[in-house]
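Asks: below are the sequence and a predicted model; questions follow.
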Amino acid sequence: MNAQWIVLGFVGLIILIISVMEIYNRLKLRAMVKSKWGTFPNTRFFDKEESLRDAWYTAKKYRKYDSEVDEITWYDLDGFTLFERINATYSSVGSEALYQRLRNFNFSEDSHDRLETLIEYYEQNPQIREAIQFQFACLGKQDKNNVESYLSETRNQVLPNTKLYLFCGSLPIAAVALLLLFPNTVSIVLLLGSILFNVIYYQIKKEKLQRELICMGYLVQTVVCAKKLAKVKTPFQEELANNLKPLASMTKFGISFRIKSNSEAEMMFDYFAMIFMLPFISYNFVLEKLTNYETQAKEMWRLLGELEVAAAVLNFRKVMPDTSQPVFSKGIQVKGEEVYHPLLASPVPNEVNWTKNTLVTGSNASGKSTYVKSVAISCILSATIHTALATKFQLPFAHILTSMAVEDDIFEGDSYFVAEIKSVKRVLDLAETRVPCLCFIDEILKGTNTIERIAASSSMVHWLADYPSLAFVATHDIELTEILKESCDNVHFQEQVTKEQGVSFDYRLRQGPSTTRNAIQLLQVLNYPQRIVAQAKKEADYFDEYRTWQTVE
C-alpha cells in the first residue's frame, strides 16, 4: 500500500510543480507583452530569414498574388532589416505572415481594407489587442516549423509503425496497474524497465523524426491558440470559428505536442511524453484530421497571421516619426510629402512628385541614393502593409523593382557589368508586359566606360517612356540630364565645400539637374598637391568649352 501512495504522490507532485511554473511563466509573459507595446521589436533569437524564406517559397505554391518583391529588390532595400523593424510579432504564424506580406501583394485594396479594419479595432480596444498578443506569445516561435510544407503536402507525411508506438506506450501503464495490484519487486522492475526502454527508444526515433515532431507540435499548439482566439471578439471572429470547427478535435492531442521553452516544467513534461510515447501515438491521428480538412487548416493559419500582422503594423505606425495610409490612383504617378528613410537615425524628409521618368543627380554622399531608396521603400510598404513613411503618399498599383546594389556573381561567372545588365534587363522585361512598373535604378550601367554607359543609359530610359512605367534613376552622369531633358524630370542634391568645414550636406531635394562639380575643389580642401588640383581644373575647363578631352603633356 505504501508503494501505491508513493507512486500517486510522485505523480501529484509533478503535476503541481508543472502547474505552478506554468502560472508563473504566463504572468511574466503577460507583463512582457504589456511593456513592449509601442517600442521597437527585438527578435534576436528567432525569425531567421532562412526559415522565413522557406515558408514563403512553400506558401507560394498554393497562394497566388499579382506581384512580388524579388530577391534583388529585397536585397537592394535592406528588406530583412526593414522586416525586423516592423516585426513586433510573438509567434511564427505572425512573423511568417508578415514576411510573406512584405514579399507579395495584389493590385487591389481588399487586403488593405481587412488590415485597416483590424487596426482600427485594435486602436479602439487596446485590452482586446493585448489579450490577442498574449495568446500569440503563449504559442511562441519555432523556426523551421515546416507547417506551410505540411499544409501543402499533407498526404505525404504519414508516420509508420503506429501500432508499435501504441504497444510501447501502454507498457508503463500496464506496469503501474500491476504495481497497484501486486506491489512487489517484480512489478517495480517491470515499471522501471518499461520506462527506461521507452525513454531510450524515444530518443533514438526522435532524432530521425525531429522535423515531423516539431512541425506537428507547432501546428497542434496553433490550433489550441486558435480555439482561445476564436472566443475573443474581433471583426473576423466568426470567420475564424467556422474554419476552426472541423479542426478543433486536434487539440485532444495538444498535450502530446507542447511547445518546448526549455523551462524546468517543460523538461519534466518532455520526460513524461517519452515514457508514454505520446507524440508518436498522436501524430497520425492529427495528420488524418488535417488531411480531411486541409482547406480549413490553411485558412485558419492565414487568419491567425492576419490577426498578428495587424498588431505589428499598428505598433510600427506608433514608433515611427510619421506614417500615413496611401492613396492608390489610376494615373501612373507617385506623389508624397515628407518622405523619409525608416532605417536612418536622423532622416531628412523630402517631397516626391514623380509623374514622368526622373533623373536624380548630385555628388557622392549628397543623399540621392538614400532618397531613391526612401521613395522605393514607401512604395513597397504602401503596396504591402498599407503604410507610407510620409505625411501624404499617392501611388498606382504596380510592380516595384530596383537595380542598385549589384555585385559580381562568381557562381555564375558574371562580371560586374554582366550582372548589372542582367539586373536592369529584368526591369525592362517586366515593363514590356505593359503592367505598370515603378523602377528604381542607382548609378545605371556604372560598370562600363563613359561613352557606352551614357549612350546605353539614355536609350533605356527613353525606351521606358513608351510603356506605362516610371523610372527613378540616380546618376553621376550630368550628360544624361542634357540628353533626356525633353523626356525626363530632373532633381538634384548638392553639397557645400569650405576650407573650414570641408564638405557638408543638407540632404534637401532641389529641382533641376545638378550644376555643381565640387570633387576637384574637395581635393584642394583635403590638401592634395597643388599641381594635381590645377591640372584637374584645367582639364575640366577645357572639356566644358570644347566637349572633348585634350592630351596631357
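Replies: Looks like it came in fine. What you are looking at is a predicted structure, and each value in this text was computed from that prediction instead of being measured.

Asks: where along the stretch 1-150 of the chain do the helices fall?
Replies: Taking DSSP state H, counting those that start in this stretch, the helices of the stretch 1-150 of the chain run over residues 2-36, 49-59, 71-76, 79-86, 92-103, 110-124, 126-139, 147-152.

Asks: so of those helices, which one's packed in deepest?
Replies: helix 92-103 (a mean of 26; mean count of other C-beta atoms under 10 Å). (Each C-beta comes from the backbone N, C-alpha and C, glycine too.)

Asks: assess the claim that I275 and I195 are in contact.
Replies: Yes: counting by C-beta atoms under 8 Å, I275 does reach I195; the two are 5.2 Å apart.

Asks: picking up where we left off before, so for V186, which of the helices of the stretch 1-150 of the chain sits nearest?
Replies: Among the helices of the stretch 1-150 of the chain, helix 2-36 comes nearest to V186, with 12.2 Å by C-beta to C-beta.

Asks: hmm, back to that, export the helices of the stretch 1-150 of the chain to JSON lines and tack on mean pLDDT and distance to L522?
Replies: Putting the helices of the stretch 1-150 of the chain into JSON lines (pLDDT from 0 to 100; distance: least, C-beta to C-beta, whole Å) gives the following:
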{"stretch": "helix 2-36", "mean pLDDT": "74", "distance to L522": "46"}
{"stretch": "helix 49-59", "mean pLDDT": "94", "distance to L522": "39"}
{"stretch": "helix 71-76", "mean pLDDT": "94", "distance to L522": "28"}
{"stretch": "helix 79-86", "mean pLDDT": "96", "distance to L522": "31"}
{"stretch": "helix 92-103", "mean pLDDT": "97", "distance to L522": "39"}
{"stretch": "helix 110-124", "mean pLDDT": "97", "distance to L522": "46"}
{"stretch": "helix 126-139", "mean pLDDT": "95", "distance to L522": "52"}
{"stretch": "helix 147-152", "mean pLDDT": "81", "distance to L522": "53"}
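
Asks: that older thread, which neighbours do I275 and I195 have in common?
Replies: Common contact partners of I275 and I195 (C-beta atoms under 8 Å, 6 or more residues apart in numbering): P172.

Asks: looking at the two, which one has more neighbours?
Replies: When neighbours are counted by other C-beta atoms under 10 Å, I275 comes out ahead of the other of I275 and I195, with 21 against 18.

Asks: check contacts around that one.
Replies: P172, I195, N198, V199.

Asks: for the residues you listed, work out which two are farthest apart.
Replies: Longest span within the contacts of I275, C-beta to C-beta: P172 and V199, 10.1 Å.

Asks: coming back round to it: so for H399, which of the helices of the stretch 1-150 of the chain sits nearest?
Replies: Of all these, helix 71-76 comes closest under C-beta to C-beta, at 9.6 Å.

Asks: that older thread, closest to V69 among the contacts of I275?
Replies: Distances from V69 to these, taken by C-beta to C-beta, are shortest for V199, at 47.4 Å.

Asks: how much space between S457 and Y371?
Replies: 19 Å (C-beta to C-beta, to the nearest Å).

Asks: do A311 as well
Replies: 31 Å.

Asks: do you know how far Y467 is from T387?
Replies: From Y467 to T387 the distance is 28 Å (C-beta to C-beta).

Asks: neighbour-wise, which of the two wins?
Replies: More crowded of Y467 and T387, by other C-beta under 10 Å: T387, with 24 against 19.

Asks: residues in contact with the more buried one?
Replies: By C-beta under 8 Å, 6+ apart, the neighbours of T387 are V313, F316, R317, T323, S324, Q325, P326, L381.

Asks: give me the phi and psi for it.
Replies: phi -140, psi 120 (degrees, to the nearest 10).

Asks: check A474 too.
Replies: phi -90, psi 130.

Asks: what about P347, neighbour count?
Replies: Neighbours of P347 (other C-beta under 10 Å): 17.

Asks: same question for E68.
Replies: E68: 18 neighbours (other C-beta under 10 Å).

Asks: what about K231, which SS state?
Replies: Following DSSP: H, G, I helix; E, B strand; the rest coil, K231 is assigned to coil.

Asks: could you chop this protein up by domain?
Replies: 38-147+313-318, 160-307, 327-516 (automatic domain parsing).

Asks: quick one: closest of those domains to L29.
Replies: The closest of the domains of the chain to L29 is domain 38-147+313-318. By C-beta to C-beta, the value is 5.1 Å.

Asks: where are the low-confidence patches of the stretch 151-300 of the chain?
Replies: Where the stretch 151-300 of the chain drops to pLDDT under 70, the residues are 154-160, 207-208, 253-270.

Asks: tell me the contacts of the nearest residue to N146 once chain neighbours are set aside?
Replies: Of all residues not flanking N146 in the chain, C215 sits nearest, at 4.2 Å (C-beta to C-beta, 6 or more residues apart in numbering). By C-beta under 8 Å, 6+ apart, the residues touching C215 are N145, N146, V147, S149, Y150.

Asks: how much space between the first one and I478?
Replies: Read that as N145. Applying C-beta to C-beta to N145 and I478 gives a distance of 53 Å.

Asks: okay, those two: which has more neighbours?
Replies: Neighbour comparison, N145 and I478: the larger count goes to N145, with 26 against 17 (by other C-beta under 10 Å).

Asks: spatially nearest residue to the more buried one (excluding sequence neighbours)?
Replies: Closest to N145 by C-beta to C-beta, 6+ apart is Y218, at 4.2 Å.

Asks: tell me the angle of the helix or strand harbouring the one you found relative to helix 92-103?
Replies: Using DSSP states H and E, the element containing Y218 is helix 210-229. Orientation check (axes from the mean of the first three to the mean of the last three C-alpha atoms, to 10 degrees): helix 210-229 against helix 92-103 gives 90 degrees.

Asks: can I get helix 210-229 as PDB, trimmed to CA atoms?
Replies: Only the C-alpha atoms of helix 210-229 are listed here, as PDB (Å, rounded to 0.1, in the frame of the first residue of the first chain):
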ATOM      1  CA  GLN A 210      12.700  15.600 -35.500                       C
ATOM      2  CA  ARG A 211      11.200  17.500 -38.400                       C
ATOM      3  CA  GLU A 212       7.900  15.700 -38.200                       C
ATOM      4  CA  LEU A 213       7.600  16.200 -34.400                       C
ATOM      5  CA  ILE A 214       8.500  19.900 -34.500                       C
ATOM      6  CA  CYS A 215       6.000  20.600 -37.300                       C
ATOM      7  CA  MET A 216       3.100  18.700 -35.700                       C
ATOM      8  CA  GLY A 217       3.800  20.100 -32.300                       C
ATOM      9  CA  TYR A 218       3.700  23.700 -33.600                       C
ATOM     10  CA  LEU A 219       0.600  23.000 -35.700                       C
ATOM     11  CA  VAL A 220      -1.400  21.500 -32.900                       C
ATOM     12  CA  GLN A 221      -0.400  24.200 -30.500                       C
ATOM     13  CA  THR A 222      -1.500  26.700 -33.100                       C
ATOM     14  CA  VAL A 223      -4.900  25.100 -33.200                       C
ATOM     15  CA  VAL A 224      -5.000  25.300 -29.400                       C
ATOM     16  CA  CYS A 225      -4.200  29.100 -29.700                       C
ATOM     17  CA  ALA A 226      -6.900  29.500 -32.400                       C
ATOM     18  CA  LYS A 227      -9.500  28.000 -30.100                       C
ATOM     19  CA  LYS A 228      -8.800  30.600 -27.500                       C
ATOM     20  CA  LEU A 229      -8.700  33.400 -30.000                       C
END
